[in-house]
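Q: sequence below, structure please.
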Amino acid sequence: MDLNTTERNEIGIAADSLAAAPAAKKVFVKTYGCQMNVYDSQRMTDALAADGYVATDMVDDADLVLLNTCHIREKAAEKVYSELGRIRDMKAERAGTGRELLIGVAGCVAQAEGAEIIRRAPAVDLVIGPQTYHRLPDVLARVRGGEKIVETDYAVEDKFEHLPQPKRAEVARRGVTAFLTVQEGCDKFCTFCVVPYTRGSEVSRPVAQIVAEAERLAEAGVREVTLLGQNVNAWHGEGEKGEEWGLGRLLFRLAEIPGLARLRYTTSHPRDMDDELIAAHRDLPALMPYLHLPVQSGPDRILKAMNRRHTARDYLALIDRIRAARGDIAMSGDFIVGFPGETEADFEATMQLVREVDYASAFSFKYSPRPGTPGAEMPDHVPEAVKDDRLQRLQALLLKQQQDFGASLVGRTIGTLIEKPGRQAGQKVGRSPWLQPVIVDEKAGEIGDIIEVRITRTGYNSLFAELA
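A: Now for the predicted structure:
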């Protein structure tokens, strides 16, 4: 599971505005966690459009509040209960006004906690897991009939088949980049991770559905699509002529769609990087030269305890093959420090691996035990103070590598997708091939254009450029 956005994407998103009517009901969706949760929040709002809901980014205006939760980080459930307490008070204030407020919990905490959520937070009206969002209108009808609903069964294929597709205008409002889920679930059972228990086993979305959604996105003006999955490079399916496809072949097919200029995918597992996918990085210009490939730790002893089923040498050899195929590829990764039993020597092995790979970006976390996972039951848990110290040292190294990579681009001419207006007047923000924000003059091009720019300097997390 991609840990890299669990904290940074803890945002309140109101899925996009739908065709408004004067008396429309309003839904506010707050999203925690990874890119797949962002995608799911959009799909929940699409499903609710059929029930007459329009999205709002103001929780006070909402008739329905949905918390789309994540269970990766420590105390995730407690954060949800704290938020539910605030919304419960809002619901109580409305009780005498005649205006209804419904409360729902979705996502991985919903899947893990189930009916316990309603027991602990009786103001909650519905609990719905990641595989059943397309049933939201039916669930809400039952809620209005007086039921408390817990809907957490696994039916991923059913979800893929019946998720409503957003209208073209709605897609256009979301911008020129988009997520597209192609795979869900995980069969790897890393000992630190709850994903197999909250998202289920690996299931691949059919080719025809993926291509059809990508075509709709392109027709609405999307220029860059990121394929999502807990183990996205484990995706496989039956091709358009009945042959077996892997992710590499799927990427080639998507690159044929007119208007779709850029492709990415996340998150990958080292064990699922096959020859065809590496060849796609070599041969497919639309596939951006940026790969998030988590290793989690450096020493083989800890990798074995994590059940990663690869060694550090395996990982480094794979990096060499990928870089031989695409010389300008930038690597990103995930790291967990302080896994049970980790010694100072083990931590130094992680630091050495980071030095050898030289990451352009990476995400690092202290180990936090997740209830129900094997790691939580292991002996020799590392003291918090030790974890804190190791995390700070690792992050200092990763930050220097990130800054060095940005500095290496100064003076280079690169392609940049103009994505949105800048925060300051007179600027627009683009996206580099390596996912950095690129600040350009607003006259450099229109949103959706891919322009050639020369990098002039770096910011803390961004690049500044002039039209080349």
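Q: helix/strand/coil for Val211?
A: Under the three-state scheme (DSSP: H, G, I helix; E, B strand; the rest coil), the conformation of Val211 reads as helix.
Q: got a list of what the spatially closest residue to it that is not a sequence neighbour touches?
A: Nearest-residue entry for Val211: Arg253, 6.4 Å, with adjacent residues in sequence omitted and distances by CB to CB, 6 or more residues apart in numbering. From N, CA and C alone the C-beta is placed, and that goes for glycine too. For Arg253, the contacting residues are Val207, Val211, Gly239, Glu240, Trp245, by CB atoms under 8 Å, 6 or more residues apart in numbering.
Q: let me know the pLDDT of Arg253.
A: Among the per-residue scores, Arg253 shows a pLDDT of 97.
Q: quick check: which element contains it?
A: helix 247-254 (DSSP states H and E).
Q: Ser432 - nearest residue in space that isn't next to it in sequence?
A: With sequence-adjacent residues excluded and distances taken as CB to CB, 6+ apart, Ser432 is closest to Val438, at 5.2 Å.
Q: count of residues packed around the one you found?
A: Residues near Val438, counting by other CB atoms under 10 Å, number 26.
Q: that one against Gly422, yeah?
A: No. Taking contacts as CB atoms under 8 Å, Val438 lies outside contact range of Gly422: 10.3 Å.
Q: give me the low-pLDDT residue ranges for the stretch 101-250 of the chain?
A: Within the stretch 101-250 of the chain, the ranges that satisfy pLDDT under 70 run 154-159, 161-172.
Q: picking up where we left off before, who does the residue nearest to Ser432 form a beta bridge with?
A: Under the criterion DSSP bridges, Val438 forms beta bridges with Gly430, Leu463.
Q: residues contacting it?
A: For Val438, the residues meeting the contact criterion (CB under 8 Å, 6+ apart) are Ile414, Thr416, Val429, Gly430, Arg431, Ser432, Val453, Ile455, Ser462, Leu463, Phe464, Ala465.
Q: export those residues as TSV, with columns for distance to Lys400, pLDDT and neighbour count.
A: What follows is the contacts of Val438, written out as TSV (distance: CB to CB, whole Å; pLDDT from 0 to 100; neighbours: other CB atoms under 10 Å):
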residue	distance to Lys400	pLDDT	neighbour count
Ile414	22	97	20
Thr416	25	98	29
Val429	25	97	19
Gly430	25	97	27
Arg431	23	97	22
Ser432	19	98	23
Val453	25	98	25
Ile455	19	98	23
Ser462	17	95	16
Leu463	17	97	25
Phe464	20	97	16
Ala465	23	97	26
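Q: need the residue closest to the centroid of this protein.
A: In the chain, the C-alpha nearest the mean C-alpha coordinate belongs to Gln35, at 1.8 Å (CA atoms, centre = their mean).
Q: now the helix holding Arg253 - C-alpha only, PDB.
A: Written as PDB, here are the backbone C-alpha positions of helix 247-254 (Å, rounded to 0.1, in the frame of the first residue of the first chain):
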ATOM      1  CA  LEU A 247       0.200  -3.200 -16.800                       C
ATOM      2  CA  GLY A 248       2.900  -2.500 -19.500                       C
ATOM      3  CA  ARG A 249       0.600  -3.500 -22.300                       C
ATOM      4  CA  LEU A 250      -2.300  -1.600 -20.800                       C
ATOM      5  CA  LEU A 251      -0.100   1.600 -20.700                       C
ATOM      6  CA  PHE A 252       0.600   1.200 -24.400                       C
ATOM      7  CA  ARG A 253      -3.100   0.900 -25.100                       C
ATOM      8  CA  LEU A 254      -4.000   4.000 -23.100                       C
END
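Q: pull out the buried positions in it.
A: Residues Leu247, Gly248, Arg249, Leu250, Leu251, Phe252, Leu254 are the ones in helix 247-254 that count as buried (16 or more other CB atoms under 10 Å).
Q: now stretch 404-415
A: Phe405, Gly406, Leu409, Ile414, Gly415.
Q: now do the contacts for the first one.
A: Taking CB under 8 Å, 6+ apart as the criterion, Phe405 is in contact with Ala330, Asp358, Tyr359, Ala360, Ser361, Trp434.
Q: which stretches in the stretch 1-150 of the chain count as strands?
A: Assigned by DSSP state E, counting those that start in this stretch, the stretch 1-150 of the chain shows strands spanning 11-12, 25-31, 53-55, 64-69, 102-106, 126-128, 149-151.
Q: just the mean pLDDT for the first one, thanks.
A: This means strand 11-12. 38.
Q: same deal with the longest one?
A: Throughout strand 25-31, pLDDT has a mean value of 92.
Q: burial count for Glu344?
A: If you count neighbours by other CB under 10 Å, Glu344 ends up with 10.
Q: ok, Lys304 next?
A: Neighbouring residues of Lys304 were enumerated by other CB under 10 Å; the total is 14.
Q: that one looks like it's in a strand, true?
A: No. With three-state DSSP as the criterion, Lys304 is helix rather than part of a strand.
Q: want to try JSON lines for the strands of the stretch 1-150 of the chain, with distance to Glu184 and mean neighbour count as columns?
A: Written out in JSON lines, the entries for the strands of the stretch 1-150 of the chain read as follows (distance: least, CB to CB, whole Å; neighbours: other CB atoms under 10 Å):
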{"stretch": "strand 11-12", "distance to Glu184": "21", "mean neighbour count": "14"}
{"stretch": "strand 25-31", "distance to Glu184": "17", "mean neighbour count": "23"}
{"stretch": "strand 53-55", "distance to Glu184": "24", "mean neighbour count": "23"}
{"stretch": "strand 64-69", "distance to Glu184": "15", "mean neighbour count": "25"}
{"stretch": "strand 102-106", "distance to Glu184": "14", "mean neighbour count": "24"}
{"stretch": "strand 126-128", "distance to Glu184": "15", "mean neighbour count": "25"}
{"stretch": "strand 149-151", "distance to Glu184": "17", "mean neighbour count": "20"}
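Q: okay, the ones you listed in CSV with distance to Glu78 next?
A: Output for the strands of the stretch 1-150 of the chain, formatted as CSV (distance: least, CB to CB, whole Å):
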stretch, distance to Glu78
strand 11-12, 18
strand 25-31, 16
strand 53-55, 27
strand 64-69, 11
strand 102-106, 13
strand 126-128, 16
strand 149-151, 20
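Q: circling back: how about the contacts of Arg253 in JSON lines, adding secondary structure and distance to Met58?
A: Converted to JSON lines, the contacts of Arg253 look like this (DSSP: H, G, I helix; E, B strand; the rest coil; distance: CB to CB, whole Å):
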{"residue": "Val207", "secondary structure": "helix", "distance to Met58": "40"}
{"residue": "Val211", "secondary structure": "helix", "distance to Met58": "37"}
{"residue": "Gly239", "secondary structure": "coil", "distance to Met58": "46"}
{"residue": "Glu240", "secondary structure": "coil", "distance to Met58": "45"}
{"residue": "Trp245", "secondary structure": "strand", "distance to Met58": "44"}
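Q: list buried residues within those residues.
A: Buried residues within these, defined by neighbour count using 16+ other CB under 10 Å: Val207, Val211, Trp245.
Q: against Ser82, how distant is the last one?
A: Looking back up the chat, that one is Trp245. Per CB to CB, to the nearest Å, Trp245 is found 44 Å from Ser82.
Q: also the second one?
A: Here the distance between Val211 and Ser82 works out to 42 Å (CB to CB).
Q: now Gln183
A: Taking CB to CB as the criterion, Gln183 is separated from Ser82 by 32 Å.
Q: more crowded one of the two?
A: The neighbour comparison of Gln183 against Ser82 (other CB under 10 Å) goes to Gln183, with 26 against 10.
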